[in-house]
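Enquirer: sequence-free structure coming up:
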């Protein structure tokens with residue numbers, strides 16, 4: 001691949017990776033510790049990722065167990081989870097916090113699929129914007145000593161790359177939607 005368009009492929013790769021991480025935070029009926037990735041806990045006055053102050057495990061299919069490394073953090077972690085958009089009330093026994101995930105209703109599953117599709121659309125828009133940036137760069141190249149044939153060839157490569165990434169986004173949306181709708 002031409003080195004002039006490699007950076008645009010890297011940007012598209014990052015867009016896809018970002019979509020995957022966003023999909024990881026959407027729960028699909030099973031307890032997934034990644035739903036806690038964005039939760040920050042006050043730790044000695046500093047917002048710290050939950051994973052850095054506690055051990056997180058999944059002892060059962062619909063339960064996440066959080067064991068803080070310091071007993072004093074139980075209340076802080078509980079507060080952070082309650083303030084998040086997780087929508088699950090934590091229970092604690094003074095040492096361990098448990099998050100019990102309820103079965104998803106059919107309506108909630110459909111809402112989650114809509115959210116997945118919306119995130120997929122946003123990723124496609126981002127990829128198309130990267131394509132536009134690449135094509136703008138190629139038009140500027142056309143004003144220098146690069147032949148029109150070479151520019152057309154590069155634009156074709158950018159379009160093929162865009163199509164490939166759009167297809168990957170569609171596949172990721174399909175897989176996540178199926179996972180959510182599977183009871």
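Expert: Noted; the coordinates are in hand. Remember, predicted model here, so these are calculated numbers, not experimental data.
Enquirer: Now do stretch 167-176: everything it contacts.
Expert: Residues outside stretch 167-176 that contact it (CB atoms under 8 Å, 6 or more residues apart in numbering) are 16, 19-20, 23, 26, 28, 116-117, 119-120, 123-124, 127. (Each C-beta comes from the backbone N, C-alpha and C, glycine too.)
Enquirer: Report the buried residues of it.
Expert: 168-169, 172-173, 176 (16 or more other CB atoms under 10 Å).
Enquirer: ok, the residue most central in space within the chain - contacts?
Expert: By CA atoms, centre = their mean, the chain has its centre lying nearest to residue 22, at 1.6 Å. Residues counted as contacts of residue 22 (CB under 8 Å, 6+ apart) are residue 119.
Enquirer: before we move on, the earlier item: for the buried residues of stretch 167-176, which one is nearest residue 79?
Expert: The closest of the buried residues of stretch 167-176 to residue 79 turns out to be residue 176 (CB to CB; 30.1 Å).
Enquirer: coming back round to it: among the buried residues of stretch 167-176, name the ones in helices.
Expert: 168-169, 172-173, 176 (DSSP state H).
Enquirer: Just the closest of those to residue 92, please.
Expert: Nearest to residue 92 among those, with distances taken as CB to CB, is residue 176, at 30.9 Å.
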